[in-house]
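Visitor: my questions concern the predicted model and sequence given below.
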There are 2 protein chains.
Amino acid sequence: MSDDLLSQVDDTIHAKARLGIMAILAVEERADFARFKRALGLSDGNLGSHLRILEEAGYVSMEKGFVGRRPHTTWTITDLGGRMYRQYLEALERLLRGAAPG
Amino acid sequence: MSDDLLSQVDDTIHAKARLGIMAILAVEERADFARFKRALGLSDGNLGSHLRILEEAGYVSMEKGFVGRRPHTTWTITDLGGRMYRQYLEALERLLRGAAPG
């Protein structure tokens, strides 16, 4: 059991930038690039690459739409992503308590 | 402010293995190598290198002592380490909420 303490904390989510993205989407459900940038202060390239990693894991999904005639891309959290995020928070909590009587 | 959200989460602590070490020491104050291994399930080399990073940051301190005639090394959390750990938890909390109204 105890040696699972670390492996249960999902690396795909634990990276700070991706944790920030997941936290935003867990609360707001849908966000655009500008929203992530404003909150997380990442460069375009950096933010784009973290979003891609989350997409490839199936945790977030990109949707291309329009605002008026202008293309507008947004991201949402998937069912899998929501589930993995909750599991991540529980695993993190266990690690912080983990600690627990040895 | 918002672009501090990520940088305020201390990388020295955020790595899962080091977060586990700090969490143990924050609760137990003193622990030996076997205690960390049991809780975190890391290899000796891996655990040793994470402990060294925390020592070099001044967050933990190594003490060589004896149990009977056998050498026994333990680690404690330093004042700085305790402070940085509390700051880390606050920054993590902010990131998770960080999220907050954009």
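Guide: It's in. Residues are numbered from 1 along each chain as shown, chains lettered A, B, ... in the order given.
Visitor: from here on, just use CA atoms for contacts and neighbour counts.
Guide: Fine.
Visitor: flag every residue of chain A that's near chain B.
Guide: Residues of chain A found near chain B (CA under 8 Å from any CA of the partner chain) are A:2-6, A:9, A:16-17, A:19-20, A:23-25, A:27-28, A:35, A:38-42, A:95-100, A:102.
Visitor: quick one: low-confidence parts of chain A?
Guide: Residue ranges of chain A with pLDDT under 70: A:1-3, A:99-102.
Visitor: for it, longest helix please?
Guide: helix A:79-96 (DSSP state H).
Visitor: for that one, buried residues please.
Guide: Across helix A:79-96, burial judged by 16 or more other CA atoms under 10 Å in any protein chain shown covers A:Gly81, A:Gly82, A:Met84, A:Tyr85, A:Tyr88, A:Leu89, A:Ala91, A:Leu92, A:Arg94, A:Leu95, A:Leu96.
Visitor: host element of the residue minimising distance to the centre of chain A?
Guide: Centre of chain A computed as the mean C-alpha position; nearest residue by CA atoms, centre = their mean is A:Met22, 2.5 Å away. According to DSSP states H and E, A:Met22 maps onto helix A:16-28.
Visitor: who are the packing partners of that helix?
Guide: Secondary-structure packing of helix A:16-28 (3 or more CA pairs under 8 Å, 6 or more residues apart in numbering or on different chains; DSSP states H and E): helix A:11-14, helix A:33-40, helix A:44-56, strand A:70-77, helix B:4-7, helix B:79-96.
Visitor: state the number of residues packed around the residue lying closest to A:Phe33 once chain neighbours are set aside.
Guide: Nearest residue to A:Phe33, sequence neighbours excluded (CA to CA, 6 or more residues apart in numbering or on different chains): A:Thr74, at 7.0 Å. Neighbour count for A:Thr74, taken as other CA atoms under 10 Å in any protein chain shown: 16.
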